[in-house]
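Enquirer: no FASTA, just this:
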């Protein structure tokens, strides 16, 4: 089939916002292989700029393309202007490397980074001329999903041929080998699904296993990160070379899905990080090196790491970016003493306004830590401090919301006394109970309650210079439904997509009416998914062996209740 | 190879290189700021000894030609980079080309290079327009050859009327292998003279549906007006 890109005219491309998103040809793009045994397309269900920043896409792209017999290409969700162009011209969505329609691949590997991308998956399959339900697919590519939002596979179980749970580094090539063998044996799609179901960590809706164990990449610490990532032709959301310095988290915040999904903590040694970082910077030419993890200052040798990176600087303008820092005196001192570290603003997440509630959620930040950060950074180069808070946390009382307001006011006063132009901004979001966390049984506040609490914060901070932003309450509800969904939620997602919902995490495209209509059409009640669950209840995702026992989550939930002085069923 | 170093008249300590490159194929659709970003990264990958600006956020010392309209191919894009030591132009040409995305290729490196900081009197840019239909090519030629041609273009939120006047010089037409070409010089950066980008936009509007026959817009050369 002809390269689809060649069928788009100059004038058509000019009508499109950022046409370079859809054309490929970037530096470090994998060379095209003649007649590979397997052709897979890595699908990221959001825009190019976000997908090109995604670590999983980089890891799989490099590891698959290092194999001479397999070719991996890329596809991202298009902005609606480009989707309309494809539809108008009756052209299918295609891969960036060769302009091959998605339905011509042997397999699509779909990364699900967050629940609000579920409709985007259908959008991409639809544009690729691929039937949306696995039951309707008799030929064409096998669709395999993975990523943090696939940990509970049920809400996408009607769309995927197979869903992989856990770290994909080792499994990705096992999947490829399995599909090569099936292809050579001229297997039917059903036989391919059956073969895939034998891979540890894989759950196949057509042949559902009673239990699936989450895969953990034990050799992570010894492994090399992707060293030749594609350099985007349109600036990516995270414009940097990124290296995971460790995977996993030791903190155990009771609301945090990622903290449990990526367990256990596995650290790359300093010398490897320095060696790989240099190589990655040489291969990408990025100005900034991003040290990635869930809580970077928990890296056991953090000070030495920063010093070693400082000593091995490649470019005069090179900087280091350290997201997810845990703020304490030592960290701030280190940041101030290291000129190479980019000093944009400080961001940290107390999550709750009172010590009582921070203890309930096991967020190990004390009020003193927060106050000290403000004092220590008083006259530093950091001009802005951003604080993330959640509302509607389990066992929360109105006093906690009042405490949030008081805390922000105190911080503002400290900030102003040290640096008059210090800017504080706070971001508010509703708590979303996530599977595989101690709060997986907890209920979510109603939209009205979340709004009421948000208004309390806004009124409490009236007249202050703190900037307040918040996440739309309906989005929080929706994310809860999608995260804790069962198989029925597939019908909701499908109905919403058919009602025109897509790109749900983009404010300008979020279609609330479409979702509300989908609830009506399917008869699904959001309360059934946002309510609190009894511990004795069977949850849709209980069949996944997450390698953190359910009993542990239960114990932690009860401990949270005990701290709050409440009882749970 | 011996590298000849000539003193920069304005700043004797500065060594500069002018890099002339193409922007064709997919690279035509890379926006100007992304283009700068791509070039900075490529220069770092080859570890070019470039100088950086002073200040809290140092950047490579580069100056680029004015932005090429999106979708126009070019064989005469350029940037000037300040170096910290002399380099071999052949090495720079070859190594940089290897690091650029599809459609970008270094054609020439001039170093040492001396900026002639004369007052900008505008540029003369030679364009080639490729059509797949003779009638449409003729129609476009008629539009471009007539200095009395007027058109309206929205600029800064309001419509403005332009007259082609002396903006287009020496248009010529020829054909080869069922393709029809117009070659013309466009004046750029002169007061009251519409830019090539505006003229091509107006031409496309004038051609209506037939604009699809205009397959390729290529900038062939760029000369500063004396």
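Expert: Structure received. Please read these numbers as outputs of a predicted model, since none were measured by experiment. Numbering: from 1, shown residues only, chains lettered A, B, ... in the order given.

Enquirer: Measure how buried residue 106 is and give me the count.
Expert: Assuming you mean chain A. Using other Cβ atoms under 10 Å in any protein chain shown, residue A:106 has 21 neighbouring residues. C-beta coordinates here come from the backbone N, C-alpha and C atoms, glycine included.

Enquirer: I was thinking of chain B, sorry if that wasn't clear
Expert: Neighbours of residue B:106 (other Cβ under 10 Å): 22.

Enquirer: can you list the residues of the stretch 1-150 of chain A near chain B?
Expert: Contacts of the stretch 1-150 of chain A with chain B, taken as Cβ under 8 Å from any Cβ of the partner chain, map to A:5, A:9-11, A:13-14, A:18-20, A:23-27, A:29.

Enquirer: Just the buried residues out of these, in PyMOL syntax.
Expert: Remark: buried members of the residues of the stretch 1-150 of chain A next to chain B, expressed as a PyMOL selection using 16 or more other Cβ atoms under 10 Å in any protein chain shown:
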select buried, chain A and resi 5+9+10+13+18+19+20+23+24+25+26+27+29
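
Enquirer: pLDDT-wise, what's the bottom of the residues of the stretch 1-150 of chain A next to chain B?
Expert: Among those, residue A:5 carries the lowest pLDDT, at 91.

Enquirer: Surely it and residue A:24 touch.
Expert: Yes: Residue A:5 lies in contact with residue A:24 (Cβ atoms under 8 Å); the separation is 7.4 Å.

Enquirer: what residues do the two have in common as contacts?
Expert: Contact criterion Cβ atoms under 8 Å, 6 or more residues apart in numbering or on different chains; residues bridging residue A:5 and residue A:24 by contacting each: A:99, B:26.

Enquirer: Next one: residue A:229 from residue B:177, what distance?
Expert: 41 Å (Cβ to Cβ, to the nearest Å).

Enquirer: Comparing those two, which residue is more hemmed in?
Expert: Under the criterion of other Cβ under 10 Å, the comparison of residue A:229 against residue B:177 puts residue A:229 first, with 25 against 4.

Enquirer: can you count the residues close to the nearest residue to the more buried one once chain neighbours are set aside?
Expert: In this structure, residue A:229 finds its nearest non-sequential neighbour in residue A:58, 4.6 Å apart by Cβ to Cβ, 6 or more residues apart in numbering or on different chains. Residue A:58 has 22 neighbouring residues, counting by other Cβ under 10 Å.

Enquirer: helices or strands next to the helix or strand containing residue A:388 in the packing?
Expert: For residue A:388, the enclosing helix or strand under DSSP states H and E is strand A:384-391. Helices and strands touching strand A:384-391, by 3 or more Cβ pairs under 8 Å, 6 or more residues apart in numbering or on different chains; DSSP states H and E, are strand A:346-351, helix A:398-418, strand A:423-430, helix A:447-460.

Enquirer: got the buried residues for the longest one?
Expert: Think helix A:398-418. A:400, A:401, A:403, A:404, A:405, A:407, A:408, A:411, A:412, A:414, A:415.

Enquirer: what sits up against the strand holding residue A:388?
Expert: Contact with strand A:384-391 is made by A:255, A:344-353, A:373-374, A:377, A:401, A:404, A:408, A:411, A:415, A:422-431, A:445, A:450, A:453-454, A:457, as judged by Cβ under 8 Å, 6+ apart.

Enquirer: Filter those down to the buried ones.
Expert: Buried, going by 16+ other Cβ under 10 Å: A:255, A:346-353, A:373-374, A:377, A:401, A:404, A:408, A:411, A:415, A:422, A:424-431, A:445, A:450, A:453-454, A:457, out of those.

Enquirer: Show me the strands in chain B, by range?
Expert: Using DSSP state E, the strands of chain B run over B:15-23, B:62-64, B:73-83, B:106-110, B:123-131, B:150-155, B:158-163, B:168-176, B:179-188, B:214-224.

Enquirer: hang on, the earlier thing: which of the buried residues of helix A:398-418 sits closest to chain B?
Expert: Nearest to chain B among the buried residues of helix A:398-418: residue A:415, at 20.9 Å, using Cβ to the nearest Cβ.

Enquirer: How about the contacts made by the closest one?
Expert: A:374, A:378, A:385, A:422, A:424.

Enquirer: Distance-wise, check the fourth one relative to residue A:370.
Expert: To tie it back to what came earlier, the one meant is residue A:422. To residue A:370, residue A:422 is 14 Å away according to Cβ to Cβ.

Enquirer: just the third one next, same as before
Expert: According to Cβ to Cβ, residue A:385 and residue A:370 sit 9 Å apart.

Enquirer: Residues in contact with both of the two, list them for me.
Expert: Taking Cβ under 8 Å, 6+ apart as the contact rule, residue A:385 and residue A:370 both touch A:348, A:411.

Enquirer: and the chain, what are its domains?
Expert: If you meant another chain, say so; for now it's chain A. A:4-217, A:240-342, A:346-484+A:533-569 (automatic domain parsing).

Enquirer: ah, I was thinking of chain B
Expert: Following automatic domain parsing, one gets these domains for chain B: B:15-110, B:123-224.

Enquirer: and the last one, what's its mean pLDDT?
Expert: Pointing back at domain B:123-224 there. Averaged across domain B:123-224, pLDDT comes to 93.

Enquirer: again with stretch A:53-73
Expert: Regarding stretch A:53-73, the rounded mean pLDDT is 97.

Enquirer: That stretch: end-to-end distance?
Expert: Start-to-end span of stretch A:53-73 (Cα to Cα, to the nearest Å) is 16 Å.

Enquirer: Identify, by residue count, the longest helix of chain B.
Expert: helix B:32-45 (DSSP state H).

Enquirer: what about it and chain A, touching?
Expert: Yes: using Cβ under 8 Å from any Cβ, helix B:32-45 reaches chain A at B:33, B:34, B:37, B:38, B:40, B:41, B:42, B:43, B:44, B:45.

Enquirer: Select only the buried ones of those in ChimeraX?
Expert: To isolate the buried ones among these in ChimeraX, judged by 16+ other Cβ under 10 Å, type:
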select /B:34,37,38,40,41,42,43,44,45
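
Enquirer: Quick check, pLDDT for the closest residue to residue A:137 other than its chain neighbours.
Expert: The shortest distance from residue A:137 to any non-neighbouring residue, by Cβ to Cβ, 6+ apart, is to residue A:131 (5.0 Å). Looking at residue A:131, its pLDDT stands at 98.

Enquirer: And for residue A:131, the neighbour number?
Expert: Residues within reach of residue A:131, counting by other Cβ under 10 Å, total 16.

Enquirer: quick one: contacts for it?
Expert: Counting by Cβ under 8 Å, 6+ apart, residue A:131 makes contact with A:125, A:137, A:140.

Enquirer: swap in residue B:64?
Expert: Counting by Cβ under 8 Å, 6+ apart, residue B:64 touches B:32, B:35, B:36, B:39, B:78, B:79.
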